[in-house]
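> no sequence on hand, only this structure:
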């Protein structure tokens with residue numbers, strides 16, 4: 001008995017529908033192709049839609065053995081606004097710089113070493129951001145981690161940060 005080959009194009013490669021049906025068998029038999037494409041595109045555009053969002057940070061890997069902790073957070077936004085912060089850690093200061101040329105920033109910093117954070121959990125979801133124009137909206141963050149004798153900056157791009165409605 002010979003193996004049955006998937007439908008192929010003139011080039012001899014499998015057709016796109018044949019590849020899709022093997023890669024996503026749970027999706028393709030139930031939904032028309034146009035619906036599947038809308039689902040994929042719609043989920044990536046959702047975070048950039050105008051509206052209010054909570055800012056969630058990815059996992060932060062600090063060297064806890066050497067006492068490395070978070071001493072500062074800087075968030076930069078283009079074509080959006082900071083609309084609030086629901087939690088400021090003890091002995092931290094927060095400053096929001098007003099928009100200039102559609103760019104605004106938020107700076108949060110510990111007052112001294114004993115207020116440094118072991119992770120970003122106290123700030124996770126606490127910052128509210130409004131997306132004004134999804135065509136030019138960008139967001140990024142920088143975290144300064146210190147041990148007392150050394151420091152480093154950890155950068156997060158828009159793809160790493162999460163905007164939660």
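Cool, the structure landed. Quick caveat, the model's predicted, so the values are computed rather than measured. Numbers count the residues shown, from 1 in each chain.
> run through the helices of this protein in chain order.
Using DSSP state H, the helices found in the chain span residues 16-23, 33-45.
> contacts only, for the nearest residue to residue 143 once chain neighbours are set aside.
Setting aside the residues directly before and after it, residue 143 is nearest to residue 154 in space (Cβ to Cβ, 6 or more residues apart in numbering), at 4.5 Å. All C-beta atoms are positioned from the backbone trio N, CA, C, and that covers glycine. Residues counted as contacts of residue 154 (Cβ atoms under 8 Å, 6 or more residues apart in numbering) are 60, 142-145.
> so which of those belong to strands?
Judged by DSSP state E, the subset of the contacts of residue 154 located in strands is 142-145.
> buried ones only from those, please, as a ChimeraX command.
Selection of buried members from those for ChimeraX, criterion 16 or more other Cβ atoms under 10 Å:
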select :143,144,145
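> what would the ones in strands among the contacts of residue 154 look like in CSV with distance to residue 82 and pLDDT?
Formatted as CSV, those follow (distance: Cβ to Cβ, whole Å; pLDDT from 0 to 100):
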residue, distance to residue 82, pLDDT
142, 16, 98
143, 17, 98
144, 19, 98
145, 23, 97
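> what's the domain layout of the chain?
16-47, 50-164 (automatic domain parsing).
> winner for burial among these?
domain 50-164 (a mean of 16; mean count of other Cβ atoms under 10 Å).
> kindly check the end-to-end length of that domain for me.
Using Cα to Cα, to the nearest Å, the end-to-end distance of domain 50-164 comes out at 12 Å.
> my guess is residue 80 contacts residue 105. True?
No - Residue 80 lies out of contact with residue 105 (Cβ atoms under 8 Å); the separation is 11.2 Å.
> now stretch 94-104, how far from the chain's geometric center?
On the basis of Cα atoms, centre = their mean, to the nearest Å, stretch 94-104 sits 20 Å off its chain's mean C-alpha point.
> hang on, I meant stretch 86-100
20 Å.
> same question for stretch 62-81.
Taking the mean of its C-alpha atoms, stretch 62-81 sits 14 Å from the chain's own mean (Cα atoms, centre = their mean).
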